[in-house]
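[1] could you work out the structure for the sequence below:
(4 chains)
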Amino acid sequence: MAEIVSLADAVAELVHDGDTVALEGFTHLIPFAAGHEIIRQGRRDLTLVRMTPDLIYDQMIGAGCARRLVFSWGGNPGVGSLHRFRDAVENGWPVPLEIEEHTHAGMANRYVAGASGLPFATVRAYAGSDYLKHAAPNVASITCPFTGEVLTAVAALRPDVSIVHAQQADREGNVQLWGITGVQREAALAAHRALVTVEEIVDKLEPVPGGVVLPTWSLSHVALAPRGAYPSYASGYYSRDNAYYVAWDAISRDRDTFNAWLDEHVLDSQGANR
Amino acid sequence: MAEIVSLADAVAELVHDGDTVALEGFTHLIPFAAGHEIIRQGRRDLTLVRMTPDLIYDQMIGAGCARRLVFSWGGNPGVGSLHRFRDAVENGWPVPLEIEEHTHAGMANRYVAGASGLPFATVRAYAGSDYLKHAAPNVASITCPFTGEVLTAVAALRPDVSIVHAQQADREGNVQLWGITGVQREAALAAHRALVTVEEIVDKLEPVPGGVVLPTWSLSHVALAPRGAYPSYASGYYSRDNAYYVAWDAISRDRDTFNAWLDEHVLDSQGANR
Amino acid sequence: MNDGPNGSIADPHAATRDEMMTVAAARSLRDRDTCFVGIGLPSAAANVARLTHAPGIVLIYESGTIGARPTRLPLSIGDEDLALTARAVVSVPEIFNYWLQPHRIGVGFLGAAQIDRFANINTTIIGSDYNHPKVRLPGAGGAPEIAGCCREVIVIVRQSPRTFVRQLDFITSLGHGNGPGDREAAGLRTRGPVKVVSDLGVLEPDEVTHELMLTQVHPGVDVESVIAATGWPLRVSPNVTTVDPPTIEELQALRQLAVGGLE
Amino acid sequence: MNDGPNGSIADPHAATRDEMMTVAAARSLRDRDTCFVGIGLPSAAANVARLTHAPGIVLIYESGTIGARPTRLPLSIGDEDLALTARAVVSVPEIFNYWLQPHRIGVGFLGAAQIDRFANINTTIIGSDYNHPKVRLPGAGGAPEIAGCCREVIVIVRQSPRTFVRQLDFITSLGHGNGPGDREAAGLRTRGPVKVVSDLGVLEPDEVTHELMLTQVHPGVDVESVIAATGWPLRVSPNVTTVDPPTIEELQALRQLAVGGLE
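    Okay, here's the model as predicted:
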């Protein structure tokens, strides 16, 4: 049973220094509020995992939370680079960032293997790519025992904690999300501990088209975080703030501008007391 | 693009003597009308594939369509045995029936592998079971290249034809089914040719909770078959006729009774002209 | 044993042997357990538990229904009532891969056609020749993986020398193999069968040898009759106790469920 | 080349080089094609095709949207407009495993930061040291599998010696490797790149060597300037033709899409 607790309490209990942490959400339902809470609580040495590190990981990396990043596409979609990510990779600021990168198909199937209780998944992926060597030791070849065909195996991902954002939970902690649901179900089920932040807590979850339900007993905690995916979007609640994504380019280019933004919008924010 | 054709034309075009044919539907949406059409068209030497062969396969086996059955649970749920299936296995009537049996997890993942374009899938299945030897050569052991753990591999299923029943199609041949959707998506996508029979053709598919959509371009044909899942049920259209399942026990026990039933309810039925 | 007094009870609170079995099995489940429910007798027991002492139990069926709360016993594990009352309905590959396989489910609840002293289960064939069986049974369904991947397993089966056999005709689902170490050798990491509930009593594996031992008898059943109904020399606990008879509440729950369903 | 006349056109029907590139790429798609659309320039071209000569084209994005019909160009491939206009929305594992991987999709439409003479693509790093790159690019996304699993691939990329390079700094997505046989040796069964559309013209792999050859130039572009914008000695077809200029309809479709979106 997932207990419904405050976001601050959930992060304090579930996310520890040095943990492997996955915040998932594919453009939609990105758990920004939870990421900001992790920054506020000063977590360090995290291995951050995410298929598409975008602004939230740029912010967490710039704030010095991460030691390592495991990912498959890192950018500000439609805008350009992630400057904090690049500064960490290219210059080691504020701390050096190791990277391990995969393809989307590889990452998605690493979560699938983790969610399925298997040590690996088999894919037709990475073929002919330099990632075959750079993503080792978590990518290897595997031979079909029936046909002899050689395919690619990817190692399961089992984050210590996965955090996803959803539209609704009921009072027992059952969760429903809908719209583009990406790899969130797999990320939550692959983790040792799973936290879901939600827009709203309702008396009863009404099934909706495209809805994915995560039963309360498969989760650790649920935390209320209205607008917790902003500036990404929550289908049925609010739209993506594209201007924020465009503005981030300038804010994040410069270390001082970034630090000022971090102080004002995250560290001094009331979110800490939510 | 799936052309919308009559059920008789679809079966005539897609199902050939000697084919490997999967009719799927897990209690719900079992494609009875299509199975009866296959009987009427006198198909022979089929390899019939289905996780849960129940009445429709008992009828097809009794009618002499099948040479081989690949399955994971064969019975009349809540009632008892499949007498035509047993008569074929135990006495070779009306023709001998070879069997290849698996576990549900094995069969489901054989379809998953087929739908995924992979030659095999990896599972924690069959452990310590005599099926490990009886399901060979389509079950083998496989070693994780990362951990060294030994797991079970199952060979992909790629039926020549898969047939499923759905609630609705639109006029372009896009299909939506909902409720318990079982392994139907995987069965359809694993096949070389896919036929969907539907309760209704509508102008526009409205997304429903739990809906699974099969785009027209992933299917071969769509055929209108109202009540085509009877005596199983079609959620939103009609309920399961439990009395039919109970009555089947007596009808199917005796070869003559069965043949009389077949003549009256399938061979002489207007379904042939639908 | 199937010719018991079903349907001919004068006192509506007196239980048949099948009812006693079902109630005893239901009591094995705890509130908030997650339970993967096999077809047949297990479904009745699991739903009695849900309607009596374990309202928070989560029932999972291989049709993909998670948290089903049927009002009547389903004839099949894919009945619409299961889907309509479930917290979530997922595909069949998903129920096996994402929910059962990762040891996410606490209790697997299985039936059997034959069971041996190590609680290995046969639901495939009766007879010594697989290709020419005396009786062709339904086969595996989800049972081998329920037996392998649930954190523990409870078996519910009517007891007679035909069902409790010295040697299985086919091992469909692994119990304790031939004793300690065999599950691990087969690649399993779960406890396996912790209890077998029959219409005569309750058997539990010995902690050391893993062989089933009679630990409880149902009211009115003596140990000798259980031994006589067992196809191997049955070990008997030095402290056999008697199961409490069904309460009125338990019997009512079971009988209401049974209206309109089978088993 | 990026400093073209964008935004400063007097005649609204005269196309910029970027617009010419997008329109030429759009024309490569056929009605009823299924097209896996990479992020960036490909999305503009694919949607121009959909709004002009290929209304039946099925656009598939790695966010899991199948049959999306956006009214404006999405800023990201997971924009809500894609989901709301799609025939189906599936999970990310499903879009890769059930739809892309089995060679179910006809055309993969990709961008590039660097491309070489065999249409291999780099979107990972600029610089010779992976661990200390001169420029860190976004990485793979779905591109390596789009390049490997779509039945054929079209690349859209602005042409300059910085992008059309002799030697990639990193092979992110395989084109034709070092020539015939290399895709098969990597385990691929698909055709690979059949066309590269740039802002200067169109290149196609030679049937025998698989090396890219200039086959078309855009209006107003001469062959010499394409050679000058290529970081290797560019092969030129003996029959280079000139691409037809954009029609009014094509330009209008592109410009309407671009309102409110990027690229």
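
[2] low-confidence stretches in chain C?
    Counting by pLDDT under 70, chain C shows low-confidence ranges at C:1-13, C:259-263.

[3] mind listing the strands for it?
    C:34-37, C:58-60, C:65-66, C:88-89, C:107-110, C:114-115, C:121-122, C:125-126, C:135-136, C:152-156, C:193-197, C:201-205, C:212-217, C:235-242 (DSSP state E).

[4] residues touching the residue in the stretch 1-150 of chain C positioned nearest to chain B, list them.
    Nearest residue of the stretch 1-150 of chain C to chain B: C:Gly78, at 2.4 Å (CB to the nearest CB). C-beta here means a position set from N, CA and C on the backbone, and glycine is covered the same way. Remark: with contacts taken as CB atoms under 8 Å, 6 or more residues apart in numbering or on different chains, C:Gly78 is in contact with B:26-28, B:77, B:180, B:182, C:61, C:63.

[5] need those residues in a markdown table (columns: neighbour count, distance to chain D and secondary structure).
    Below are the contacts of C:Gly78 laid out as a markdown table (neighbours: other CB atoms under 10 Å in any protein chain shown; distance: CB to the nearest CB, whole Å; DSSP: H, G, I helix; E, B strand; the rest coil):
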| residue | neighbour count | distance to chain D | secondary structure |
| --- | --- | --- | --- |
| B:Phe26 | 28 | 18 | coil |
| B:Thr27 | 25 | 23 | coil |
| B:His28 | 26 | 20 | strand |
| B:Pro77 | 23 | 28 | coil |
| B:Ile180 | 29 | 18 | coil |
| B:Gly182 | 30 | 15 | coil |
| C:Tyr61 | 30 | 22 | coil |
| C:Ser63 | 29 | 20 | coil |
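
[6] so what's the closest residue to chain C within the stretch 51-200 of chain A closest to, chain neighbours aside?
    For the stretch 51-200 of chain A, the residue closest to chain C is A:Gly117, as judged by CB to the nearest CB, at 2.9 Å. Closest residue to A:Gly117 apart from its sequence neighbours, by CB to CB, 6 or more residues apart in numbering or on different chains: C:Pro102 at 2.9 Å.

[7] now for that neighbour: which residues touch it?
    By CB under 8 Å, 6+ apart, the contact list for C:Pro102 reads A:115-117, A:189, C:149.

[8] same check, this time on A:Glu13
    Shown in contact with A:Glu13 (CB under 8 Å, 6+ apart): A:5, A:221.

[9] and it, which helix or strand is it part of?
    Element membership for A:Glu13 (DSSP states H and E) is helix A:7-14.

[10] now that helix: buried residues?
    For helix A:7-14, the neighbour count (16 or more other CB atoms under 10 Å in any protein chain shown) marks A:7-8, A:10-11, A:14 as buried.

[11] so which of these comes closest to A:Ser239?
    The shortest gap between A:Ser239 and any of the buried residues of helix A:7-14 belongs to A:Leu7, at 22.5 Å (CB to CB).

[12] looking at it, the closest one is touching A:Ala225, isn't it?
    Yes. A:Leu7 lies in contact with A:Ala225 (CB atoms under 8 Å); the separation is 5.3 Å.

[13] where does the residue in the stretch 101-250 of chain A positioned nearest to chain D sit: helix, strand or coil?
    Closest to chain D within the stretch 101-250 of chain A is A:Gly128: 3.1 Å, counting by CB to the nearest CB. Following DSSP: H, G, I helix; E, B strand; the rest coil, we place A:Gly128 in the coil state.

[14] next: A:Leu195.
    Using three-state DSSP, the structure places A:Leu195 in strand.

[15] got phi/psi on the spatially closest residue to it that is not a sequence neighbour?
    Spatially, and ignoring its direct neighbours in sequence, A:Leu195 is nearest to A:Ile163 (4.7 Å; CB to CB, 6+ apart). Backbone torsions of A:Ile163, given as degrees, to the nearest 10, read phi -130, psi 130.

[16] beta partners of A:Ile163?
    A:Leu23, A:Leu195 (DSSP bridges).

[17] doesn't the residue of the stretch 51-200 of chain A closest to chain C lie inside a helix?
    No. Counting by three-state DSSP, A:Gly117 is not found in a helix; it is coil.

[18] show me the contacts for it.
    A:Gly117 touches B:124, C:101-104, C:149, counting by CB under 8 Å, 6+ apart.

[19] now do C:Ala140
    Neighbouring residues of C:Ala140 by CB under 8 Å, 6+ apart: B:72-73, B:101-104, B:129, B:131, C:123-124, C:172-173.

[20] and it, how far from C:Phe170?
    10 Å (CB to CB, to the nearest Å).

[21] which stretches in chain C count as helices?
    Assigned by DSSP state H, chain C shows helices spanning C:17-27, C:41-51, C:80-85, C:92-94, C:143-149, C:182-185, C:223-228, C:248-258.

[22] now, of the contacts of A:Gly117, which are buried?
    Buried members of the contacts of A:Gly117, counted by 16+ other CB under 10 Å: B:124, C:101-102, C:104, C:149.

[23] from those, which is closest to A:Asp54?
    The shortest approach to A:Asp54 among the buried ones among the contacts of A:Gly117 belongs to C:Pro102, at 29.1 Å (CB to CB).

[24] give me phi/psi at that closest one?
    With angles defined as degrees, to the nearest 10, C:Pro102 sits at phi -80, psi 20.

[25] what do you get for C:Gly40?
    Per degrees, to the nearest 10, the backbone of C:Gly40 is at phi 100, psi -140.

[26] what about it, neighbour count?
    For C:Gly40, the neighbour count with other CB atoms under 10 Å in any protein chain shown is 22.

[27] returning to that earlier point: in a markdown table, list the contacts of C:Ala140 along with neighbour count and distance to chain A.
    Converted to a markdown table, these look like this (neighbours: other CB atoms under 10 Å in any protein chain shown; distance: CB to the nearest CB, whole Å):
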| residue | neighbour count | distance to chain A |
| --- | --- | --- |
| B:Ser72 | 27 | 18 |
| B:Trp73 | 26 | 22 |
| B:Glu101 | 22 | 18 |
| B:His102 | 27 | 14 |
| B:Thr103 | 33 | 16 |
| B:His104 | 29 | 15 |
| B:Ser129 | 29 | 18 |
| B:Tyr131 | 26 | 16 |
| C:Thr123 | 25 | 24 |
| C:Thr124 | 27 | 24 |
| C:Thr172 | 29 | 22 |
| C:Ser173 | 35 | 18 |
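
[28] possible to save those as a markdown table with distance to C:Pro219?
    Output for the contacts of C:Ala140, formatted as a markdown table (distance: CB to CB, whole Å):
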| residue | distance to C:Pro219 |
| --- | --- |
| B:Ser72 | 39 |
| B:Trp73 | 35 |
| B:Glu101 | 40 |
| B:His102 | 42 |
| B:Thr103 | 38 |
| B:His104 | 37 |
| B:Ser129 | 36 |
| B:Tyr131 | 39 |
| C:Thr123 | 29 |
| C:Thr124 | 34 |
| C:Thr172 | 32 |
| C:Ser173 | 30 |
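
[29] about what we covered before: surely the residue nearest to A:Leu195 touches A:Gly25?
    No. With contacts counted by CB under 8 Å, A:Ile163 stays clear of A:Gly25, the gap being 9.1 Å.

[30] which residue is the nearest non-sequential neighbour of A:Thr197?
    A:Ala225 (3.8 Å).

[31] surely that neighbour meets A:Ala166?
    No. Between A:Ala225 and A:Ala166 there is no contact under CB under 8 Å: 10.0 Å.

[32] got any residues that touch both of the two?
    Residues touching both A:Ala225 and A:Ala166 by CB under 8 Å, 6+ apart: A:197-199.

[33] quick one: least confident of the contacts of C:Gly78?
    Least confident by pLDDT among the contacts of C:Gly78: that is B:Pro77, with 89.

[34] what is the burial count for C:Gly111?
    Neighbours of C:Gly111 using other CB under 10 Å come to 21.

[35] surely it touches C:Gly38?
    Yes. Using CB under 8 Å, C:Gly111 is in contact with C:Gly38, at 5.6 Å.
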